[in-house]
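> Have a look; sequence and predicted model below, questions after that.
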Amino acid sequence: MNHTFHIPVLGLGYSIDTPLKIARFGISSVVSIVDDELIERMRKFHMEQNGERFEQIEKKKEDSRALRITAYLNLLNRLVNKQLSKLKEEEFKEGTDLTTYFELLPEHSALKTAYLRMLQINGAERLMIEKELKASIQAGKIDVNIMSKVDKANYNSADEYLGDDYTDALAAMRGFANSSLNAAVIISAGLNPRLYGYMEQCACFYPDLSGLVTKKIILKVSDFRSAMIQAKMLAKKGLWVSEFRVESGLNCGGHAFATEGFLLGPILEEFKEKRAVLAKELYEMYSIVLISKGFAALTMPLQKITAQGGIGTAEEHAFLLNYYQLDAAGWGSPFLLVPEATNVDENTLLRLEQAEKDDFYLSNSSPLGVLFNNFRGSTIEQQRLDRIAKGRPGSPCTKKFLCTNTEFTELPICTASREYQHLKIKQLYEMNLTPENHSKQFDAVTEKVCLCEGLCASAYLKNNLLKPKENKAISICPGPNLAYFSRKYSLKEMINHIYGRENLLEDMSRPNLFVNELNLYVDYLKKDIASQLNEINAKQVKYFNKFKEQLMNGINYYKRLIPEMSQYSGFCVKEMYGQLLQAEQHLLLQPGFH
């Protein structure tokens with residue numbers, strides 16, 4: 001691709017139609033395919049906006065989830081191709097999408113060089129270059145995201161299990177596999193052997209007669225070891241991982257999967273050192289299985305490495321790509337302040353503009369039991385507190401995507417639901433806990449919020465799709481890096497910032513992404529130790545010691561890296577060294593365990 005960045009998935013609704021906003025400019029983005037209700041409503045909206053006749057796929061129809069996802073992805077593909085055809089018919093004049101396409105390209109792009117040259121000449125040579133430039137235009141990829149943990153079992157009206165092929169993750173995968181997209185599925189949130197087994201049955205992940213694979217596989221990972229384990233599992237099924245998308249454990253948006261003190265820099269260093277060996281090892285497994293399945297032997301397919309989480313300046317972007325030899329980098333949360341790219345309602349947008357650093361925090365509000373990046377200004381947080389004050393904690397559970405708990409019921413329910421929280425709180429009263437312990441456990445139960453509705457509401461509000469009496473409380477999950485961006489930006493401004501043509505953070509005092517992540521991990525460890533200090537056991541002692549050791553290793557790694565970073569003028573390496581020493585002191589103040 002011509003761009004060196006992509007926009008990762010942003011919650012359920014925030015990037016649900018981002019391809020329709022930016023793919024025609026050659027920018028790739030990721031759509032969540034968790035919520036087929038949201039998908040069906042957005043399909044109706046965009047078909048009507050484009051003068052197409054909409055026929056609803058009813059929920060009760062067999063395999064409706066997969067059918068809805070396929071229909072929506074086909075619509076996105078069709079509309080983006082239509083946009084691209086229209087763009088290619090335009091002239092190279094100021095303000096056209098055609099001109100914008102080339103203006104947005106990075107300066108080192110061969111296409112950008114050809115475009116700038118074309119502007120300097122006239123006559124037959126210019127017409128020839130214009131024709132070549134138009135022929136080179138490509139749409140950004142419409143990739144999709146599946147959280148492997150969101151794999152609810154589904155039942156018919158008689159409460160009979162529909163079978164493994166109809167669980168949420170497998171049905172979503174089928175929806176993607178059957179679509180017309182030439183794109184990739186990003187699998188996040190760890191292992192799901194059942195999902196991998198299903199993917200082995202999907203023809204789209206194997207090469208066609210010409211050797212092309214129309215659907216690719218991307219693994220979102222937090223460290224090298226997990227990448228290797230998952231990729232080997234897939235290779236043994238004849239499935240090739242085309243990209244490892246390395247995400248910071250804590251300096252990211254959405255769900256946060258904290259590593260055991262492993263920091264982004266050392267993790268990327270390991271990928272850099274071992275990527276060729278890993279690719280060779282995977283290819284040997286992959287090719288043997290592929291041939292056993294009757295496919296012709298292929299040369300080793302391309303395997304990319306990208307990174308995302310907390311990137312905030314052009315210098316950071318360039319350093320990651322050049323030093324770690326990455327193929328691209330993901331920029332997520334800053335695009336929540338770009339209305340041209342994402343679905344953020346006006347009220348939430350204003351709150352994000354006015355937010356301070358402390359307004360972004362790690363919470364336990366996700367029903368999945370995984371840390372979740374939260375925003376204090378979200379209206380769902382106020383709604384949660386209001387419901388507790390009225391003696392009615394919890395949310396009505398209508399979508400049931402995150403129903404995983406069977407503590408009180410035979411069929412799984414959601415820990416954010418009113419049903420679960422009522423039963424759990426009743427149990428707490430029966431346990432005769434001390435007031436302090438009761439309050440602590442009560443807060444832990446009622447902290448959970450409904451993400452199924454909260455992460456969709458903003459898209460409905462922005463597009464005037466909210467139904468009467470439908471919950472309009474917003475949940476939004478930016479990464480902490482968004483604290484340094486302080487206003488609405490145009491698409492052009494944000495991309496110019498990424499490529500160093502503008503500096504949107506010029507007057508902002510901000511530690512670089514490595515120091516930001518390090519501080520997040522030190523704070524995380526500090527809180528974790530404090531919460532368990534009175535009941536610590538041998539296993540936790542081992543965990544905390546390993547965590548501290550890895551953070552110290554990371555600090556020493558960054559100290560050694562400073563000379564390399566000093567080559568990039570935007571890096572304040574003197575300040576960085578002082579910040580590393582400060583983080584080191586904070587770490588040394590934490591209790592030692594023996």
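Structure's in. What do you need?

> give me the element the residue nearest the centre of the chain is part of.
Nearest to the mean C-alpha position of the chain, counting by Cα atoms, centre = their mean, stands Val9 at 3.9 Å. Assigned by DSSP states H and E, Val9 falls within no helix or strand.

> and what of Leu326?
Following DSSP H and E, there is no helix or strand that holds Leu326.

> From Asn437, how far off is Ile498?
49 Å (Cβ to Cβ, to the nearest Å). Glycine gets a C-beta too; all of them are placed from N, C-alpha and C.

> cool, and Lys232?
Distance from Lys232 to Asn437, by Cβ to Cβ: 44 Å.

> higher neighbour count, the two?
Taking neighbours as other Cβ atoms under 10 Å, Lys232 and Asn437 compare with Lys232 leading, 16 against 11.

> Which of the three states applies to the more buried one?
helix (DSSP: H, G, I helix; E, B strand; the rest coil).

> Touching, it and Met285? I think so.
Yes - counting by Cβ atoms under 8 Å, Lys232 sits close enough to Met285 to count as a contact (6.6 Å).

> what's the residue nearest to the centre of the chain in contact with, if anything?
By Cβ atoms under 8 Å, 6 or more residues apart in numbering, Val9 lies in contact with Ser15, Val30, Val31, Ser32, Asn145, Ile186, Ser188, Gly254, Gly332.

> Dump the residues you listed into a markdown table; add pLDDT as well.
Formatted as a markdown table, the contacts of Val9 follow (pLDDT from 0 to 100):
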| residue | pLDDT |
| --- | --- |
| Ser15 | 97 |
| Val30 | 98 |
| Val31 | 98 |
| Ser32 | 97 |
| Asn145 | 98 |
| Ile186 | 98 |
| Ser188 | 93 |
| Gly254 | 93 |
| Gly332 | 97 |
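
> Now, the residues you listed that are in strands?
Using DSSP state E, the subset of these located in strands is Val30, Val31, Ser32, Asn145, Ile186, Ser188.

> For Ala183, see how far away the first one is.
Taking Cβ to Cβ as the criterion, Val30 is separated from Ala183 by 9 Å.

> which residues do the two both contact?
With Cβ under 8 Å, 6+ apart, Val30 and Ala183 have common neighbours Asp143, Val144.

> The two: which has the busier surroundings?
A direct count of neighbours by other Cβ under 10 Å for Val30 and Ala183 places Val30 higher, at 28 against 24.

> is that one in a bridge, and if so with what?
Asp143 (DSSP bridges).

> For it, give its distance to Val9.
From Val30 to Val9 the distance is 4 Å (Cβ to Cβ).

> joint contacts of the two?
By Cβ under 8 Å, 6+ apart, the residues touching both Val30 and Val9 are Ser15, Asn145, Ile186.

> What's the first helix or strand after the one helix or strand Ala66 maps to?
Here Ala66, judged by DSSP H and E, is contained in helix 64-88. Note on helix 64-88: by DSSP H and E, the next helix or strand toward the C-terminus is helix 97-103.

> Contacts for stretch 434-448 next, please.
363-367, 384, 388, 393-394, 414-416, 421, 424-425, 428-429, 431, 433.

> Stretch 312-326 too?
By Cβ under 8 Å, 6+ apart, the list of residues contacting stretch 312-326 reads 4-5, 268-269, 271-272, 305-307, 311, 327-329, 331, 334, 481, 484-485, 497-500, 503, 505, 510, 512-513, 564-565, 568-571.

> Next, check the residues you listed against the strands and list the overlap.
Among the contacts of stretch 312-326, the members falling in strands (DSSP E) are Phe5, Ile305, Thr306, Ala307, Ala328, Ala329.

> my read: the last one touches Thr4, true?
Spelled out, that is Ala329. Yes - proximity of Ala329 to Thr4 meets the contact threshold set by Cβ under 8 Å, at 6.8 Å.

> who has more neighbours, the two?
Ala329 (23 against 20).

> wait, what's in contact with the more buried one?
Here Ala329 is in contact with Thr4, Phe5, His6, Thr306, Ala307, Gln308, Ile311, His317, Leu320, Leu321 (criterion: Cβ under 8 Å, 6+ apart).

> Show me what it is bridged to.
Phe5, Ala307.

> tell me the pLDDT at it?
We note a pLDDT of 98 for Ala329 in this prediction.

> Would you quantify the distance from it to Ser242?
For Ala329, the distance to Ser242 - Cβ to Cβ - is 17 Å.

> same check, this time on Leu38
27 Å.

> Check Val34 too.
Taking Cβ to Cβ, one finds Val34 at 22 Å from Ser242.

> between the two, who's got more neighbours?
Ranked by neighbour count (other Cβ under 10 Å), Val34 and Ser242 place Val34 first, with 25 against 16.

> Verify the stated contact: that one with Ala171.
No - Val34 is beyond contact range of Ala171, at 10.8 Å (criterion: Cβ under 8 Å).

> shared neighbours, these two?
By Cβ under 8 Å, 6+ apart, no residue touches both Val34 and Ala171.

> quick one: contacts for Thr379?
Listed by Cβ under 8 Å, 6+ apart, the contact set of Thr379 reads Asn347, Thr348, Lys472, Ala473, Ile474.

> So for it, what pLDDT did the model give?
Listed pLDDT for Thr379 reads 96.

> any idea how far it is from Asn471?
Counting by Cβ to Cβ - Thr379 and Asn471 are separated by 10 Å.

> Also Lys215?
35 Å.

> Hmm, Leu518 and Leu580 touching each other?
Yes - contact criterion Cβ under 8 Å: Leu580 and Leu518 qualify, at 7.4 Å.

> Which one's more surrounded, the two?
For Leu580 versus Leu518, neighbours defined as other Cβ under 10 Å are more numerous around Leu518 (29 against 21).

> The more buried one sits in which helix or strand?
Going by DSSP H and E, Leu518 is part of helix 513-532.

> in that helix, what's buried?
513-522, 524-525, 528-529 (16 or more other Cβ atoms under 10 Å).

> Same question for stretch 282-297.
In stretch 282-297, counting by 16+ other Cβ under 10 Å, buried: Leu282, Tyr283, Met285, Tyr286, Ser287, Val289, Leu290, Phe295.

> quick one: pLDDT of the first one?
Spelled out, that is Leu282. Turning to Leu282, the model gives it a pLDDT of 98.

> any low-confidence regions in this protein?
568-572, 592-594 (pLDDT under 70).

> hmm, what's the outermost residue in it?
Relative to the chain centroid, the chain (Cα atoms, centre = their mean) has Gly123 farthest, 46.5 Å.

> mind checking how far stretch 493-508 is from the chain centre?
Computed by Cα atoms, centre = their mean, to the nearest Å, the separation of stretch 493-508 from the middle of its chain amounts to 22 Å.

> Please disregard the earlier target; I meant stretch 411-430.
Distance, stretch centre to chain centre, for stretch 411-430: 30 Å (Cα atoms, centre = their mean).

> for stretch 312-322, same thing?
Distance, centroid of stretch 312-322 to centroid of chain: 19 Å (Cα atoms, centre = their mean).

> Quick check: buried residues in that stretch?
Buried, per 16+ other Cβ under 10 Å, within stretch 312-322: Gly312, Thr313, Ala314, Glu315, Glu316, His317, Ala318, Phe319, Leu320, Leu321.

> Just put these in JSON lines and tack on secondary structure.
As requested, those are arranged in JSON lines below (three-state DSSP):
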{"residue": "Gly312", "secondary structure": "coil"}
{"residue": "Thr313", "secondary structure": "coil"}
{"residue": "Ala314", "secondary structure": "helix"}
{"residue": "Glu315", "secondary structure": "helix"}
{"residue": "Glu316", "secondary structure": "helix"}
{"residue": "His317", "secondary structure": "helix"}
{"residue": "Ala318", "secondary structure": "helix"}
{"residue": "Phe319", "secondary structure": "helix"}
{"residue": "Leu320", "secondary structure": "helix"}
{"residue": "Leu321", "secondary structure": "helix"}
